[in-house]
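Enquirer: how would this look folded up:
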Amino acid sequence: MYRTALILALSLTPAWAEAPNLSASPTGGPGAASRLVLAQRAYLQAMTDGDTVLLLAAIRLARSVTPRAPTGWERTTSGEAPADQPQGRASAPDPGGQEAIAVAQGLAGEDPDLQDLVYELDAKLPHGRLETATVANVELGGGQTDSWRMPLFGEVPAEIGLIGDGDTPLGLRVTDEAGTVLCTASPGLDPALCRFTPARNGFFTVEVTNPGEVRNSYRVIGN
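Expert: Residues are numbered from 1 along each chain as shown. You can find the predicted model right below:
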């Protein structure tokens, strides 16, 4: 409801072009999108190191956030991907999924303490109200760029996360309604995160670039 009202208000408000749409006094700590990006980074490191405890921490973090479908986001794709381009993985690994639990069970081996931790985490139901994050799951061909146009509230901390499937590096760039660059992340395989606070209500553009030669299944995350 509130996001719909924001979109309507923005459609009736003249564009601001005087200054970058960034608050002079940003507030707020890491939110749900930061939590999901941190969970993904911890998951990848745990898989590299074979670290059961770190993997359990990643699972717990990921399961502390409820994903919801985006409302008011508009996606356009530019660039041409070859018709015979390799598909790559179907999706980025999900630290909150059952596959991560299965990996943790395997890493726990014959250690009864670790086995108990895995069992308790798998059986434990979340209590209280979980934080929510907006999550879109899409594919992007090599040589293409996705542009997401999304409304954000003024003086409300914003977070934009990007998690790729690891087949190709992905780049991230966020601009305001005047095209001023607010945040960039060079193409890479690691999850990326942009945190900023708009000065006023406005539409922002999130660009995701795939400079590789394989299709990438990625998640873009917002608060």
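Enquirer: if we ignore the residues flanking it in sequence, what's nearest Leu54?
Expert: In this structure, Leu54 finds its nearest non-sequential neighbour in Ala46, 4.0 Å apart by CB to CB, 6 or more residues apart in numbering. Every residue, glycine included, has its C-beta placed from N, CA and C.
Enquirer: got it, and Glu139?
Expert: Ser217 (5.1 Å).
Enquirer: quick one: the helices in the protein?
Expert: According to DSSP state H, the chain carries its helices in the segments 2-11, 32-49, 52-62, 98-108, 112-123.
Enquirer: compare the ones you listed and report which one is nearest to Ala69.
Expert: Proximity to Ala69 (CB to CB) singles out helix 2-11 among those, at 11.9 Å.
Enquirer: mean confidence for the closest one?
Expert: Regarding helix 2-11, the rounded mean pLDDT is 49.
Enquirer: ditto for stretch 118-135
Expert: Averaging pLDDT along stretch 118-135 gives 78.
Enquirer: centre of the chain versus that stretch, how much separation?
Expert: Relative to the centre of its chain, stretch 118-135 is centred 18 Å away, using CA atoms, centre = their mean, to the nearest Å.
Enquirer: mind starting the numbering at 24 from now?
Expert: From this message on, residue numbering opens at 24, which makes the last subject stretch 141-158.
Enquirer: mind listing what's buried along that stretch?
Expert: By neighbour count on 16 or more other CB atoms under 10 Å, the buried set for stretch 141-158 is Val141, Leu144, Asp145, Ala156, Thr157, Val158.
Enquirer: which residue is the nearest non-sequential neighbour of Glu236?
Expert: Using CB to CB, 6+ apart, the closest residue to Glu236 is Gly165 (4.4 Å).
Enquirer: quick check: phi and psi at the one you found.
Expert: phi -60, psi 140 (degrees, to the nearest 10).
Enquirer: before we move on, back to that, what about the residue nearest to Glu162, neighbour count?
Expert: 19 (other CB atoms under 10 Å).
Enquirer: please apply the same query to Ala201.
Expert: Ala201 has 13 nearby residues by other CB under 10 Å.
Enquirer: just to revisit the earlier point, let me know which of the helices of the chain is the nearest to Arg196.
Expert: helix 55-72 (16.4 Å).
Enquirer: so which elements touch that closest one?
Expert: Helix 55-72 makes packing contacts with helix 75-85, strand 88-91, strand 154-163, strand 181-186, strand 215-219, strand 239-245 when contacts are defined by 3 or more CB pairs under 8 Å, 6 or more residues apart in numbering; DSSP states H and E.
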